[in-house]
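Novice: Okay, here's the prediction I keep looking at, along with the sequence it came from:
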Amino acid sequence: MRILLTNDDGIHAPGLAVLEAIARQFSDDIWICAPAEEQSGAGHSLTLTRPVRMRQHDARRFSVSGTPTDAVTMGLRKALPGPPDLILSGVNRGANLGDDVTYSGTVSAAIEGALAGIRSIALSQVYAREGMGDTVPFAAAEAWGAKVIAPLLGAPFAPRTLVNVNFPALDPQAVKGIRVCRQGFHDYARGSVVEGTDPRGYPYYWFGLHGIEHTAGHATDLEAIDEGFVSVTPLQLDLTHDASLAALAERFA
């Protein structure tokens, strides 16, 4: 089984090393094509206004100067000798839950794989507090990664779908299990913008990662993580709101 690994934290990210260790439990035919630098929040963006450069680090390891979408595209079209059987994206440093998946480069790399008709899985490690940087512990992902991927290898994936996996910020023995659940929704009205002043006196802004509330549901990825489970969420790329089609069509009749 040929597996392509990618991420949005960059070719040297600790989470990518974790992902490679997980992938090698299933195959020795492992290929890596990831962004040269961190691309968190890049979403499903594609580089169009400047050339993308690819660097080969060893026989099966490549980095690209663009986004996670660029990395998957270059992996499929230039780096690999043939199409992979599986694309794994991650393990991301931080959660990709609820509607945050629309911002996520990690999830978007898996989206690009799904568009290419390849079984694709995004994996993210939730962390307990801000400011941890590269000290984020990946123990839950290391212990539970293969347990999550193994059942998915034989599961049917509908066309243009992918699976989004998140590991809770817990020691492996404290994880309660795996829960298949739907995508949740945050309340972005409570998000924050942190303002500062640079050394030259000009203001700058950081989008805050804390203080975003969510409405509790019964079976979403948000609640699964809060309750100590690994969340597994199937996502689809068809964004059409079917229930609105007829009513909207009447407006143009």
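Specialist: Thanks, I have the structure now. Numbers count the residues shown, from 1 in each chain.

Novice: All the helices of the stretch 151-253 of the chain, residue numbers only.
Specialist: Secondary structure of the stretch 151-253 of the chain, counting by DSSP state H, counting those that start in this stretch: helices at 221-226, 242-251.

Novice: Would you mind checking which helix or strand in the chain has the lowest mean pLDDT?
Specialist: The helix or strand of the chain with the lowest confidence, counting by mean pLDDT, DSSP states H and E, is strand 213-214 at a mean of 56.

Novice: hmm, back to that, so which of the helices of the stretch 151-253 of the chain is the most surrounded?
Specialist: Mean neighbour count (mean count of other Cβ atoms under 10 Å) peaks for helix 221-226 among these, with a mean of 22. The way it works is simple: take the backbone N, C-alpha and C, and place the C-beta from them, glycine included.

Novice: what ranges of the stretch 101-250 of the chain fall below the confidence cut-off?
Specialist: Low-confidence segments of the stretch 101-250 of the chain (pLDDT under 70): 129-134, 187-191, 208-218.

Novice: what about 50?
Specialist: Filtered on pLDDT under 50, the stretch 101-250 of the chain yields the residue ranges 211.

Novice: what about the strands in it?
Specialist: 119-125, 161-167, 177-180, 186-187, 193-197, 203-207, 213-214, 229-236 (DSSP state E, counting those that start in this stretch).

Novice: Mean neighbour count, the ones you listed: which tops it?
Specialist: Highest mean neighbour count of those: strand 119-125, a mean of 27 (counted as mean count of other Cβ under 10 Å).
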